[in-house]
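> pasting a predicted model and its sequence here:
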Amino acid sequence: DLEEAAAGCTFTVTIDGRESCSSCGGSGQRSYGRTTMCSTCHGSGRLRGGRSGLKTCTDCDGKGFFTDKRCTDCEGRGWHPAERQIAVTIPPAMLPGEELRVIGQGGAAPENGIAGDLYLVLGTKPHSIFTLDRQDVHVTAPVSIFRLLAGGEIVVPAIGGLKSVYLPEGAPQSEVRLSGAGYPARGARPAGDLVVHLKTELPRFLGKEQKAMLDMAEQILQHNLDAQSPALARWNAVLDDLS
């Protein structure tokens, strides 16, 4: 989750692994072999040719047979595929796509060598309300048209908690940016911004008191059009010219 990646967390990773073959003790070999006749020399160990008329069969080195001591359970590998689970600690504020190295948890090395490292690429699930763009966190907040007109404080969600946003009267902008309130900083990388997209919400119906208050507000507006709404003042002038 996005919040877990921002705060840091520990989770279990299931990866492909190996377990030693119990049949051969991890050696890949059996104590006894299965003998098969060489098909090239038909078990004689010799082929026609050479000065004496016969030469040693190179396929079986003149033995006339092969002895296969490979473990049949593991096909000579000495191990079986097996999933393994490890607990991985994710540092805070890693971004999706960044790589985390886990030392010694990669593939096993041959001949008792040092195991390789595991590299994990961080990914996050889609969030229900947040969208991450680099370090900036975007959220859409529905706001009443009355609050947008009157201005004042609204509360919006952010990573790690809630944030208060003050809207000016009329709220002419469609979004508000809170500097440093987005994805947390990490190392030399600064914290991102919280970008709040304001979505105007109209009421489904109006009560009598609301209608009366809005009618009064409209009447006051009409008496102050030049100062409060020059566009309406110019429109009324056009209507007057056409009347």
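Cool, the structure landed.
> what's downstream of the longest helix anywhere in the chain, the next helix or strand?
Selection of the longest helix in the chain by residue count, based on DSSP state H, yields helix 208-222. Tracing the chain past helix 208-222, the next element assigned as helix or strand by DSSP states H and E is helix 225-228.
> low-confidence stretches in the chain?
For the chain, the stretches flagged by pLDDT under 70 are 25-26, 31, 33, 50-52, 110-111, 171.
> ok, F146 - how many residues close by?
Neighbour count of F146, defined by other Cβ atoms under 10 Å: 14. Quick note: C-beta positions are derived from backbone N, CA and C, even for glycine.
> kindly report the same for R134.
11.
> excluding its backbone neighbours, what's nearest it?
G192 (6.6 Å; Cβ to Cβ, 6 or more residues apart in numbering).
> ok, the spatially most central residue of the chain - contacts?
Against the mean C-alpha coordinate of the chain, by Cα atoms, centre = their mean, the closest residue is G123 at 1.4 Å. By Cβ atoms under 8 Å, 6 or more residues apart in numbering, G123 lies in contact with P96, G97.
> what about it? Give its phi and psi, please.
G123 adopts backbone torsions of phi -130, psi 150, taken as degrees, to the nearest 10.
> how near is it to L132?
Computed as Cβ to Cβ, to the nearest Å, the G123 to L132 distance reads 12 Å.
> quick check: neighbours shared by those two?
P96.
> in stretch 122-138, which residues are buried?
Using 16 or more other Cβ atoms under 10 Å as the test for burial, stretch 122-138 gives T124, F130, L132, Q135, D136, V137, H138.
> so which of those residues sit within strands?
Within the buried residues of stretch 122-138, residues falling in strands by DSSP state E are L132, D136, V137, H138.
> mind putting those residues in TSV, distance to H197 included?
What follows is those, written out as TSV (distance: Cβ to Cβ, whole Å):
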residue	distance to H197
L132	14
D136	12
V137	11
H138	7
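> from these, pick the one nearest G161.
V137 (12.5 Å; Cβ to Cβ).
> residue contacts, the closest one?
F130, T131, A158, I159, A181, G182, Y183, G192, D193, L194, V195.
> how about the helices in this protein?
Using DSSP H, helices in the chain cover 2-7, 145-150, 208-222, 225-228, 230-242.
> contacts for the longest one, please.
Yep, that's helix 208-222 we're talking about. Under Cβ under 8 Å, 6+ apart, the answer for helix 208-222 is P203, L206, Q228, S229, L232.
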